[in-house]
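Visitor: Model the following, please.
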Amino acid sequence: MRRSGPAGSAGDRHWRGSARLATGCALVFCAMSVLVDWDAGSLTPLRALLWVALSAVVCAVLLPPRVTAGPGWLRVHAPWRRQVIHTDTLTAVRRYDGVSSHLVLRDVHGHTLKLDPRVLTANPLLWHELDTGVRRSLERGTLRHGAEIMKRLGQDIDDETTEAVLRASGLS
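Guide: Residues are numbered from 1 along each chain as shown. Reported below is the predicted structural model:
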């Protein structure tokens, strides 16, 4: 299995599939747009270039952020920004629920990072790296807000993992 980060890093194992889906949707959008424009008889090189540019924008919007983690760090790389925090020096963790549930992590250096908790649920190695960093932050006394949030998130991840194991074994 290939890794696309520094040695010892963990990444989102579902990212490539999601990236392929985003690219496929953008290509279908481009093909359909060009075909409809061609069928209408109004396709020009400039309009074709416009459809290709709009398809690139669609791909950038649909492309999920790439999440990687290693000992003491967590990185979220989106098409137009990159966020990195030190997980072993976290100061605050906040969870916002609603239509788009997300975690906001802040470290002592002032860096903030937004992360979808479903990525952690789907990737045990990422969760392990973050949990290890949170434990170090608690030991060092830097994590002042959000320890309970991380504990509940860990319980939720454990519950979902247990349910998945039971479903896979046919016991549920």
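Visitor: Tell me the spacing between D131 and G170.
Guide: Remark: distance between D131 and G170 (Cβ to Cβ, to the nearest Å) = 29 Å. The C-beta positions use only the backbone N, C-alpha and C, and glycine is treated the same way.
Visitor: Counting neighbours, go ahead and name the busier of the two.
Guide: Shown here are D131 and G170; by other Cβ atoms under 10 Å, D131 has more neighbours (18 against 6).
Visitor: For that one, which residues are in contact?
Guide: Going by Cβ atoms under 8 Å, 6 or more residues apart in numbering, D131 touches M150, G154.
Visitor: Could you check which helix or strand contains it?
Guide: helix 124-140 (DSSP states H and E).
Visitor: Go through that helix and flag the buried ones.
Guide: L126, W127, E129, L130, D131, G133, V134, R136, S137 (16 or more other Cβ atoms under 10 Å).
Visitor: The third one - nearest residue in space that isn't next to it in sequence?
Guide: Which is E129. Once flanking residues are discounted, E129 sits nearest to A69: 3.7 Å by Cβ to Cβ, 6 or more residues apart in numbering.
Visitor: any idea how far that neighbour is from P124?
Guide: Distance, A69 to P124, by Cβ to Cβ: 11 Å.
Visitor: State whether R13 and V119 are indeed in contact, as I suppose.
Guide: No. Contact criterion Cβ atoms under 8 Å: R13 and V119 do not qualify, at 10.0 Å.
Visitor: what mean pLDDT does the lengthiest helix in the chain have?
Guide: Using DSSP state H, we find that the single longest helix of the chain is helix 15-39. When pLDDT is averaged along helix 15-39, the result is 95.
Visitor: Repeat that for stretch 72-87.
Guide: Averaging the model's pLDDT scores along stretch 72-87 yields 92.
Visitor: buried sites along it?
Guide: Those would be W73, L74, R75, V76, Q83, I85, H86, T87, for stretch 72-87 by 16+ other Cβ under 10 Å.
Visitor: Endpoints of that stretch, how far apart?
Guide: Stretch 72-87 has an end-to-end distance of 5 Å (Cα to Cα, to the nearest Å).
Visitor: what residues does it touch?
Guide: Residues from elsewhere that reach stretch 72-87 (Cβ under 8 Å, 6+ apart): 5, 60, 63, 65-69, 88, 105-109, 111-115, 126, 129-130, 132-134, 136-137.
Visitor: are any of those residues buried, and which?
Guide: Using 16+ other Cβ under 10 Å, the buried ones in the contacts of stretch 72-87 are 63, 65-69, 88, 105-107, 113, 115, 126, 129-130, 133-134, 136-137.
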